[in-house]
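Undergrad: The following block contains a protein sequence and its predicted model.
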Amino acid sequence: MNIEPVRSDKIYQTLLTLPNAARDAYFREHLLHPFKQKFWQQQIPFEAKQPHGFDAMMLLGWVHRMPQELGDADRDAIVAISDDTLWQQCEETLARSLSLFTRAGITLEITHYRFTILIGKTESRVLQLGNGYSGDGGIPGYIMLSLIPNPYTLSRLPAAIAHESSHNVRFQHIKWQPEKTNLADWIISEGLAESLTEHLFGAEYLGAWVTATNTTQLQTLKPVFHEKLALTGMQKMMPYLYGDEIAALQGQEPVGLPYAAGYACGYHLVQHYLKKTGQNIVQATITPTADILAATTDFWH
């Protein structure tokens with residue numbers, strides 16, 4: 001197994017020395033190119049054919065500081081993610097997470113894993129709601145972490161790596177199929193990822209996407225999710241996973257849910273499954289959605 005950190009800090013440092021006209025190409029070649037296959041699998045163009053067309057750069061620009069925006073005010077943020085120990089901790093966490101599965105005899109078809117850390121925009125509401133950090137690990141072999149650098153978010157990056165490693169493993173065994181993957185699949189995958197984070201780091205490292213919803217709220221949300229478990233289609237499912245505020249930011253219709261309600265519902269569903277069945281989080285991560293639902297019919301009442 002090979003784990004490759006893509007050292008964004010060094011790329012950001014170089015960008016500050018380049019003229020604006022050269023920055024996008026350098027960023028695309030040195031930071032995005034190692035993740036080109038990830039974007040291809042997500043059907044996101046790596047580089048738009050038309051000026052200002054949708055592509056990976058435009059997508060990242062909604063949440064992240066982009067090459068031509070970088071200036072002296074970003075030096076502290078770049079320094080904050082330049083600590084070799086931070087990158088080593090993330091690499092060791094990814095190795096530790098993946099080894100939980102290989103030691104249990106679970107085959108991983110992906111043998112090369114890349115991760116990087118991107119500097120987010122302080123004004124990004126998506127990052128603000130997540131207490132300043134988030135991750136993207138839905139395509140096996142690739143993990144991107146996003147944060148507004150400060151002592152709190154930097155301390156959470158290894159936990160975010162653990163969360164995304166769960167997705168990296170599950171989606172090697174439970175394939176994402178756009179026309180068939182449903183809301184139950186999605187909330188369970190998020191619940192499994194947070195449960196792995198808790199297993200490795202403790203409940204204090206659960207993300208805001210779980211802790212923002214208390215148990216009283218959860219009881220009122222269960223019927224909503226139970227009714228929609230078979231829902232398919234990314235655009236239709238996203239408001240149920242992320243909640244109304246993010247849905248509105250993405251131009252979607254609100255469905256009457258608070259921030260990241262789907263994450264919270266999925267986490268508590270998976271916790272119920274683990275306690276009821278005695279299954280461990282490693283085996284549960286590759287357990288089909290239908291099996292988890294069949295064992296947890298009492299969760300919804």
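TA: It's in. Numbering: from 1, shown residues only.

Undergrad: just the helices in the stretch 101-250 of the chain please.
TA: With DSSP state H, counting those that start in this stretch, the ranges of helices along the stretch 101-250 of the chain come out as 125-129, 151-173, 183-201, 208-211, 215-228, 234-242, 244-249.

Undergrad: Quick one: these as JSON lines, columns for mean pLDDT too.
TA: Below are those laid out as JSON lines (pLDDT from 0 to 100):
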{"stretch": "helix 125-129", "mean pLDDT": "96"}
{"stretch": "helix 151-173", "mean pLDDT": "98"}
{"stretch": "helix 183-201", "mean pLDDT": "98"}
{"stretch": "helix 208-211", "mean pLDDT": "96"}
{"stretch": "helix 215-228", "mean pLDDT": "95"}
{"stretch": "helix 234-242", "mean pLDDT": "94"}
{"stretch": "helix 244-249", "mean pLDDT": "92"}
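
Undergrad: Reformat those helices as JSON lines; add mean neighbour count and distance to Lys275.
TA: To be clear about C-beta, it is placed using only N, CA and C from the backbone, and glycine gets the same treatment. Below are the helices of the stretch 101-250 of the chain laid out as JSON lines (neighbours: other Cβ atoms under 10 Å; distance: least, Cβ to Cβ, whole Å):
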{"stretch": "helix 125-129", "mean neighbour count": "17", "distance to Lys275": "29"}
{"stretch": "helix 151-173", "mean neighbour count": "22", "distance to Lys275": "18"}
{"stretch": "helix 183-201", "mean neighbour count": "24", "distance to Lys275": "11"}
{"stretch": "helix 208-211", "mean neighbour count": "21", "distance to Lys275": "16"}
{"stretch": "helix 215-228", "mean neighbour count": "14", "distance to Lys275": "15"}
{"stretch": "helix 234-242", "mean neighbour count": "18", "distance to Lys275": "23"}
{"stretch": "helix 244-249", "mean neighbour count": "17", "distance to Lys275": "30"}
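
Undergrad: and of the ones you listed, who's closest to Lys38?
TA: helix 151-173 (10.9 Å; Cβ to Cβ).

Undergrad: could you check the angle helix 183-201 makes with that closest one?
TA: In terms of direction (axes from the mean of the first three to the mean of the last three Cα atoms, to 10 degrees), helix 151-173 departs from helix 183-201 by 130 degrees.

Undergrad: helices or strands up against helix 151-173?
TA: helix 84-103, strand 112-119, strand 133-136, strand 142-147, helix 183-201, helix 281-285 (3 or more Cβ pairs under 8 Å, 6 or more residues apart in numbering; DSSP states H and E).

Undergrad: Next, format those as TSV and append distance to Lys36.
TA: Listed next are the helices and strands packed on helix 151-173 as TSV, based on distance: least, Cβ to Cβ, whole Å:
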stretch	distance to Lys36
helix 84-103	20
strand 112-119	11
strand 133-136	15
strand 142-147	10
helix 183-201	24
helix 281-285	27
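
Undergrad: Put together TSV for the helices of the stretch 101-250 of the chain, with distance to Thr111 on each row.
TA: Shown next, in TSV, are the helices of the stretch 101-250 of the chain (distance: least, Cβ to Cβ, whole Å):
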stretch	distance to Thr111
helix 125-129	32
helix 151-173	11
helix 183-201	20
helix 208-211	30
helix 215-228	36
helix 234-242	28
helix 244-249	34
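
Undergrad: So for Asp136, which of the ones you listed sits nearest?
TA: helix 151-173 (7.0 Å).
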